[in-house]
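**Q** Give me the fold of what follows.
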Amino acid sequence: MTAGCSGETPPPAQPATVTVTTPPKLSTDPDAKTVAWLDGMCGAIFGYVKASNEHASKQGSGVEVTRPWLSEDLGVRADLAGKVVDELNALPASPIPGGDNARKSLVDSYTAARDAAAEGKRKLDASKSQAALDAGLKALDAAQKPLTETTDPFASVKMDTPEMLSAMAAAKKCVPAS
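**A** Have a look, this model is predicted:
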């Protein structure tokens with residue numbers, strides 16, 4: 001006989017025991033060392049771009065290239081690139097895999113720009129020949145190379161993890177000012 005047909009009351013339903021396990025919480029708080037390192041990298045790069053653009057805007061368009069103008073411009077460009085090199089070299093070891101390689105690549109690029117500008121200025125100031133003026137113009141092109149290169153400074157760094165996306169979002173200097 002079944003309980004439904006006998007008129008007996010069925011036993012009370014037992015509540016099901018459900019064990020809920022929550023997955024470990026992934027940290028959405030960015031790592032402070034990573035944020036600081038990214039801010040240092042971005043601050044150096046964007047600081048250079050901003051300072052270089054400000055310098056160029058003060059000159060206006062249609063500037064006549066003279067020896068004094070070129071000498072001054074090369075000096076400014078050498079100083080700007082040198083500042084980036086100093087700032088990048090002052091950063092601690094990268095907490096991000098591939099970060100030190102990215103920094104080294106930038107240091108190499110800005111060092112070459114700094115050295116080209118400084119050497120071009122030195123040669124220009126030491127000689128009054130047309131060859132020195134031509135060399136100064138070539139040095140100016142080399143000094144501006146970091147501005148014209150379209151390389152991603154973080155190309156060698158895996159930036160698509162939740163941790164890195166969170167760190168990039170928190171790194172205020174990695175958002176260029178509009």
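**Q** From here on, just use CA atoms for contacts and neighbour counts.
**A** OK.
**Q** those helices in this structure, which residues are they?
**A** Ranges of helices within the chain are 3-6, 32-59, 67-90, 99-126, 130-143, 145-148, 162-170, based on DSSP state H.
**Q** Might you report the residue contacts of the spatially most central residue of the chain?
**A** In the chain, the C-alpha nearest the mean C-alpha coordinate belongs to C42, at 3.4 Å (CA atoms, centre = their mean). Residues near C42 by CA atoms under 8 Å, 6 or more residues apart in numbering: 173-174.
**Q** low pLDDT regions in this protein?
**A** For the chain, applying pLDDT under 70 flags the ranges 1-28, 60, 150-151, 176-178.
**Q** rerun that using 80 as the cut-off
**A** Scanning the chain for pLDDT under 80 picks out 1-28, 59-64, 147-160, 175-178.
**Q** For stretch 125-133, measure first residue to last.
**A** Start and end residues of stretch 125-133 are separated by 9 Å (CA to CA, to the nearest Å).
**Q** swap in stretch 153-160?
**A** Stretch 153-160 has an end-to-end distance of 15 Å (CA to CA).
**Q** just how off-centre is it within its chain?
**A** Distance, stretch centre to chain centre, for stretch 153-160: 10 Å (CA atoms, centre = their mean, to the nearest Å).
**Q** Other residues contacting that stretch?
**A** When contacts are defined by CA under 8 Å, 6+ apart, stretch 153-160 is touched by residues 96-99, 101-103, 105-106, 164-165.
**Q** let's go with 6 Å and repeat that
**A** Identification of contacts with stretch 153-160 by CA atoms under 6 Å, 6 or more residues apart in numbering yields 98, 102.
**Q** Please point out which parts of that stretch sit buried.
**A** 153-154, 157, 159 (16 or more other CA atoms under 10 Å).
**Q** Also stretch 131-147?
**A** Residues of stretch 131-147 classed as buried: 132-133, 135-137, 139-144, 146 (neighbour count, 16+ other CA under 10 Å).
**Q** same check, this time on stretch 117-136
**A** If you call a residue buried by 16+ other CA under 10 Å, then stretch 117-136 has these buried ones: 117-125, 132-133, 135-136.
**Q** And for stretch 85-98?
**A** Neighbour counts over stretch 85-98 (16+ other CA under 10 Å) mark 85, 87-88, 91, 94 as buried.
**Q** so which of those would you say is closest to D31?
**A** S94 (12.2 Å; CA to CA).
**Q** in terms of contact, does that closest one touch D100 like I think?
**A** Yes. In this structure, S94 is within contact of D100 by CA atoms under 6 Å, at 5.5 Å.
**Q** if we can go back for a sec, just name the closest of the buried residues of stretch 153-160 to A32, please.
**A** Distance ranking of these against A32, using CA to CA, places M159 first at 16.0 Å.
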